[in-house]
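Visitor: Any chance you could fold what I've pasted below:
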Amino acid sequence: MPHENAQLLEKLYKALQNKKHPTIAECYHQDATFTDIAFDLRGKKQIHAMWHMICDTDLRMSYDVESADERNGSARWVADYTFDDNGTKRKVHNELRSRFEFKDGLIIKQTDDCDVRKWAMQALGPVKGIAAWLVPALRQKAAKEKLQGFISKHPEYR
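Guide: Predicted coordinates:
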């Protein structure tokens, strides 16, 4: 039988496949952190808001939980979606690796990595993509603004 934290990661990714953001949120510790190429989030509410925002898209994904034990875990997953940058709708195929730390049977830290250059070129096109690839602050600012806009429409995340 898989470790209980492997089961937790299965729950997380199955919920993401089915776009069940409340179930995704159940997987995170109240003090969890989430970091990827665009987001640096602190606390379960911010992380839940991000996943809710993502679940409201045309995301399709597949995953493989690689490992999980008492303290750490990892998974690989592939996300296919349409990235909307001010009306430009670009198809993205993003291959990610997630690393996890656990506390009290929940995710306390998640760090997602991908090929930033490849993602930026697909999501933003050649000109904006090169800028976003070379200047992380640009993609982080845009992601933060997008999430803040989403939260402003969803008071439960404030």
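Visitor: residues in contact with the residue nearest to Glu66 when sequence neighbours are not counted?
Guide: Among residues not flanking Glu66 along the chain, Ser74 sits closest, at 4.6 Å (C-beta to C-beta, 6 or more residues apart in numbering). To be clear about C-beta, it is placed using only N, CA and C from the backbone, and glycine gets the same treatment. For Ser74, the contacting residues are 65-68, 97-100, by C-beta atoms under 8 Å, 6 or more residues apart in numbering.
Visitor: Find me the pLDDT at Ser74, would you?
Guide: Note on Ser74: pLDDT of 98.
Visitor: Specify the beta-bridge partners of it.
Guide: Ser67, Arg99 (DSSP bridges).
Visitor: Where do the helices of this protein begin and end?
Guide: Assigned by DSSP state H, the helices in the chain fall at 4-17, 21-26, 44-55, 116-134, 136-152.
Visitor: could you redo those as CSV and give each row distance to Phe83 and mean pLDDT?
Guide: Listed next are the helices of the chain as CSV, based on distance: least, C-beta to C-beta, whole Å; pLDDT from 0 to 100:
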stretch, distance to Phe83, mean pLDDT
helix 4-17, 17, 98
helix 21-26, 19, 98
helix 44-55, 11, 98
helix 116-134, 4, 93
helix 136-152, 11, 94
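Visitor: Those: which one's closest to Gln110?
Guide: Taking C-beta to C-beta, helix 44-55 is the member of those nearest to Gln110, at 7.9 Å.
Visitor: got the angle for that closest one vs helix 4-17?
Guide: When axes from the mean of the first three to the mean of the last three C-alpha atoms, to 10 degrees is applied, the directions of helix 44-55 and helix 4-17 differ by 50 degrees.
Visitor: Helix 44-55 packs against which elements?
Guide: helix 4-17, helix 21-26, strand 28-35, helix 136-152 (3 or more C-beta pairs under 8 Å, 6 or more residues apart in numbering; DSSP states H and E).
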